[in-house]
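> Dropping the sequence and predicted coords here.
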Protein chains: 2
Amino acid sequence: MKKAYIGKAMDIEPITYDDGIKVKKAHKRVLIGNKLGAPNFVMRLFTLEKDGYSPRHSHNWEHEVFVLKGKLEVFDGEKYVVAEEGDFVFVPPNVEHQFKNINDGESQFICVIPKSGGE
Amino acid sequence: MKKAYIGKAMDIEPITYDDGIKVKKAHKRVLIGNKLGAPNFVMRLFTLEKDGYSPRHSHNWEHEVFVLKGKLEVFDGEKYVVAEEGDFVFVPPNVEHQFKNINDGESQFICVIPKSGGE
């Protein structure tokens, strides 16, 4: 690609994750990934609806997160810590983590992963 | 590191770039980089003051950008295109690019690069 690509995040069709147990009311939008030819890492935007959460799990790749909106409880491997708009979160590889929305409305965050972690 | 790290972006000391010609009123905060042991890519937050801009240049690594606040003119390799809050920008390697703040106040964006691009 010879040009930069500019897009609107909310125009991307979300993928919804909700089994009512491990993950709830979570929506993922892949902003910059395989489709655009991202060479090394993938930028995703997550929206957690009120009472939504991501699974508590770990894997051998990192997360680099920036909170865009709302208020989250983040499991940091040992305990839950609050993260809100303007905060960043670094989850190193193999650290157990979870993002729980504790906002009255939705919360949103950017989450970047290496391509080895999928999209 | 065995735990996730949560920090406030605005607590990070910015590095200012301003030679009055190529780059003007631009402030960079490295949120997640070498200091935290980021393995593959670096998350930075840029603030451009009113009338501020980044240099028009190219390099052999990509940018993955998310606009947090304000309104920018982005050189996409051929022309200037507007990007505003909620938009993302993918600048592939070796594409000439520039970010110009055209907001009345400051503009802010997240910019992720591979570690090969420095911090």
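That came in fine, so what should we check first?
> For chain A, which segments count as strands?
A:5-8, A:15-17, A:24-32, A:41-53, A:63-69, A:71-75, A:80-84, A:87-91, A:98-101, A:107-114 (DSSP state E).
> Give the pairing partners of the second one; include direction for each.
Paired neighbours of strand A:15-17 in the sheet (DSSP bridges): strand A:24-32 (antiparallel).
> quick one, the partner strand and strand B:63-69 angle?
120 degrees (axes from the mean of the first three to the mean of the last three C-alpha atoms, to 10 degrees).
> Among the strands of chain A, show me which one is buried the most.
strand A:87-91 (a mean of 25; mean count of other C-beta atoms under 10 Å in any protein chain shown). Every C-beta, even on glycine, is put in place using the N, C-alpha and C of the backbone.
> Strand partners (parallel or antiparallel) of that strand?
Counting by DSSP bridges, the strands paired with strand A:87-91 are strand A:63-69 (antiparallel), strand B:5-8 (antiparallel).
> Relative to A:P114, which of those strands is closest?
Nearest of these to A:P114, taken as C-beta to C-beta: strand A:63-69 at 9.6 Å.
> what's in contact with that closest one?
Contact with strand A:63-69 is made by A:45, A:83-91, A:97, A:99, A:103, A:106-113, B:9, B:31-32, B:38, B:41, B:43, B:45, B:66, B:68, B:110, B:112, as judged by C-beta atoms under 8 Å, 6 or more residues apart in numbering or on different chains.
> what is the rounded mean pLDDT of it?
Regarding strand A:63-69, the rounded mean pLDDT is 98.
> and the direction of it versus that of strand B:41-53, what angle?
Using the same axes, to 10 degrees: strand A:63-69 against strand B:41-53 is 40 degrees.
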